[in-house]
Each structure stands twice: as structure tokens, then as C-alpha cells.
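Trainee: I'll drop the sequence and a predicted model, then ask my questions.
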Amino acid sequence: MRGRSARELAAATNPTIRAVESLSEPGPEAWPAPLPDLSRPAIGQRLKIGSHVFRIAISDVQRDVPREPDTHLIHIGAWYADQPLTPSDLGLRAADACANVWAYLTNRLTETVVQFYAPTPRPTGELNPRLGCWGPRPDLMDEGLADSDCAIAVVLGLSIWLPGANPPVDDQVFLEAIRDTLIEALSYWVVVAQRVAGPQDRNN
């Protein structure tokens, strides 16, 4: 399956969003849509990869999703220096490099969902699972990166359409696999940043 760029995700999808208690700056009013509430995640973890410290949060598997019947939804976030992580935080500025790291993350998340749910295609032809993101981080838009994948924040909605699927029996095992996939992808981001641009630690 071809990886979709972060900009394609932002343009093509509108993940269901719950009431917000944002954990990051700038405030939620600066974003085009409220950030998901990850103040009480099912999985929250602080980790260090090389010289970089990240904080990740993954919501419970949400059922009875408004306006999305027969769907499971999870929200995923990664923070760096108290802001939602973007490739530019690690020093990546080249379009190809940023598209590459985003494709890796989205492909690996999709593979993990397929492993646990075995979902069938949606009748509309949309991807299943479907990934949505909240777009570029507002402060980076002010730096002229509004049209760059390098500014897209790792705040994601992951929607799985259930008809024909085989959902996992244990949500926690599935969420732990999503966490492991996210950590693997962040490790890849750090490696690419070191090779392409060198680390740009923001004293996080």
C-alpha cells in the first residue's frame, strides 16, 4: 500500500474529535479543530531516544463514535518539548525527508491495525483503517511551513470500520502494540534526522 503524505491525511480526513483538555501549547483555539483529549490516556509514556525525550499518549478504544457507526476510534499523540511533535523539531526541513518519515509512521500504524482487526474495505472505497491528523502546528505555520509535511504534528485519529472485521479480544494488547509501533516509528524519525539534518535538540 502506498504511504499517504501527512498533507493528504489532513486534507482527506476529518477524525471524530471529543471534548478537549489540551496538554500542549499553543492553546486549542490556535488549531483549525480542537485537539483530542488525551489527559487520561489508556497508555502514557515518557521515553528517550538518543538525545531526544518524547511523551506519548494513546486513548482507549472508543466505541459508539458520534457520526461514525460501526467504528472503533483511537487517538494518538506524541509531544516534544511540551508541544505536539513535528519532523521539524528533529531538524528535518527537506520535503522528501519529512514525507518519508510520515509515510513510515502511517504505514506501520496501518499494518498494526490490519494485524489485529483484519478489516475489510469500506463500501465507499475509503481506506480502512482511516488515519486523520490535525494538520500543521500553528507556530510553524507562522514560520512559513504551512504547506510542508515537516510542520504536521503527531496528533492522529485512527478509525477502524468494523463490518467484516475481527476485532481483538483484548483492547490493552492492541493498544500496547500501537504504542510499540509508535516508538519504533519515532526511533526511525530520529535516525533519519541524524542522517539528513543532524539532531536539533530543543532542550526538552
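Mentor: On my side now, so go ahead.
Trainee: The longest strand along the chain: what's the following helix or strand?
Mentor: With secondary structure taken from DSSP state E, the chain has its longest strand at strand 71-80. Beyond strand 71-80 in the direction of the C-terminus, DSSP states H and E gives the next helix or strand as strand 83-84.
Trainee: centre of the chain versus the longest strand of the chain, how much separation?
Mentor: The chain centre lies 6 Å from the centre of strand 71-80; the measure is Cα atoms, centre = their mean, to the nearest Å.
Trainee: next one: stretch 84-97
Mentor: 14 Å.
Trainee: got it, and stretch 65-76?
Mentor: Put simply, stretch 65-76 sits 15 Å off its chain's centre (Cα atoms, centre = their mean).
Trainee: Output it in CSV with nothing but the alpha carbons.
Mentor: Taking Å, rounded to 0.1, in the frame of the first residue of the first chain, the C-alpha atoms of stretch 65-76 are listed here in CSV:
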residue,chain,number,x,y,z
VAL,A,65,-18.4,7.1,17.9
PRO,A,66,-20.7,10.0,17.0
ARG,A,67,-21.5,10.2,13.3
GLU,A,68,-19.4,7.1,12.7
PRO,A,69,-21.5,3.9,13.3
ASP,A,70,-19.8,0.5,13.4
THR,A,71,-16.5,2.1,14.1
HIS,A,72,-13.7,1.9,16.6
LEU,A,73,-11.6,5.0,17.1
ILE,A,74,-8.4,5.7,19.0
HIS,A,75,-6.4,9.0,19.3
ILE,A,76,-2.7,9.1,19.4
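Trainee: neighbouring contacts of that stretch?
Mentor: For stretch 65-76, contacts defined as Cβ atoms under 8 Å, 6 or more residues apart in numbering pick out 15-16, 18, 36-38, 56-63, 109, 117, 154-163, 167, 175, 178, 182. All C-beta spots, glycine's among them, are computed from the backbone N, C-alpha and C.
Trainee: Could you turn the buried ones of these into a ChimeraX selection?
Mentor: ChimeraX command restricting these to the buried ones, with burial defined by 16 or more other Cβ atoms under 10 Å:
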select :15,16,18,36,37,38,56,57,58,59,61,62,109,117,154,155,156,157,158,159,160,161,162,175,178,182
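Trainee: quick one: which of the contacts of stretch 65-76 sit in strands?
Mentor: Per DSSP E, the contacts of stretch 65-76 map to strands at 56, 57, 58, 155, 156, 157, 158, 159, 160, 161.
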